[in-house]
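*Asks:* Let's see this in three dimensions:
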Amino acid sequence: MTGKPGHTVWKRRGAMLTRWLHIYLSMISFVIVFFFSVTGLTLNHADRFGDQVHSVQEKGRLNPRWIDAKDSMKIDRLDIVEFLRNKYSIHAALSDFRIDDAQVGVSFKGPGFAADVFIDRGNGDFDITQTSAGFVGLINDLHKGRDTGHAWSVFIDVAAILMALVSLTGLLLLLFLKRRRRSGLLVAAAGLFMAYLVYLIWIK
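*Replies:* Take a look at the predicted model:
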C-alpha cells in the first residue's frame, strides 16, 4: 500500500514528460516529416512527378595562361574555377578537376544540377554543359542526400533521429493510456504485420 502513491506520482510525471516531448518534437519535426513524406512519393513515382531534364550547351574561352600546355603543375585551378562560377553563376560544389595531356575537365554537382566543362589546353577554348533536373529533381536529391554536401548530410541524420524520437515517444505515451493501450498496440502490430505481408508476398 505504501508504494502505490509514489508509483502513481512517477507514472503521472512520466506521462506528462512523454506527452511534452512528443508534442514539441512533433512540432519541431513537422516540416521535416512533411518534406520527406512528399519527396518519398515523388521518388517512388518519378515517372509521374519527374520534371523534364533541361540541358544547355555553350562555348567560351578563358585566359590561355591558366591552361599551361607544357607544364600541368602551372595550371591555375583557382582562377579557372572562379571564372566559371562567376561567368555562369554556378553555386554547386566542385566535384572533379581532371588534367589530361590535351584538355582539362571540370565538373560541378549539386542537388538537381550538374555542370561539365572541357577545356582545350592549347588555346583555352571550352565547352560547358549545364544540366538541370528542375524543382522535383532538386527535392528528390535533397531527400537522397545526393550531391548535397556535409551540412545537409548532418541535417538528414538529425531529421532521422527526430523522427525516431517522435515515434518512440508516441509509443511510450500510448503505454501510459490504460484504456487505449491494448487497442493501440494491436493497431501497431497490425501495421507491422501488413508491412511484413507486403514484403513476403510481393518482394521476397
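
*Asks:* in which helix or strand would I find K59?
*Replies:* Taking DSSP states H and E as the criterion, K59 maps to strand 54-61.

*Asks:* Give the pairing partners of that strand; include direction for each.
*Replies:* Its sheet considered, strand 54-61 pairs with strand 125-132 (antiparallel) by DSSP bridges.

*Asks:* before we move on, back to that, I'd like the next helix or strand past the strand holding K59.
*Replies:* Beyond strand 54-61 toward the C-terminal end (DSSP H and E), the next one is helix 77-88.

*Asks:* where in the protein is pLDDT low?
*Replies:* Residues of the chain meeting the criterion pLDDT under 70: 1-7.

*Asks:* Which segments of it make up each domain?
*Replies:* With domains defined by automatic domain parsing, the chain comprises 3-49+138-203, 54-132.

*Asks:* returning to that earlier point: check the offset of the strand holding K59 from the chain's centre.
*Replies:* How far strand 54-61 lies from its chain's middle: 28 Å, per CA atoms, centre = their mean, to the nearest Å.

*Asks:* Now do it against helix 77-88: the angle between them, please.
*Replies:* Regarding strand 54-61 and helix 77-88, their directions subtend 120 degrees when assessed with axes from the mean of the first three to the mean of the last three CA atoms, to 10 degrees.

*Asks:* Can you show me the CA trace of strand 54-61 as CSV?
*Replies:* Extracted C-alpha coordinates of strand 54-61, given in CSV (Å, rounded to 0.1, in the frame of the first residue of the first chain):
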residue,chain,number,x,y,z
HIS,A,54,16.9,20.6,-69.3
SER,A,55,20.5,20.9,-70.7
VAL,A,56,22.2,24.0,-72.1
GLN,A,57,25.5,23.8,-74.0
GLU,A,58,27.7,26.8,-74.6
LYS,A,59,31.2,27.6,-75.8
GLY,A,60,33.7,30.1,-74.4
ARG,A,61,37.4,30.9,-73.9
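
*Asks:* Now stretch 16-23: buried residues?
*Replies:* Buried residues in stretch 16-23, counted by 16 or more other CB atoms under 10 Å: 18-19, 21-22. Just so you know, the C-beta spots here come from the backbone N, C-alpha and C atoms, and that holds for glycine as well.
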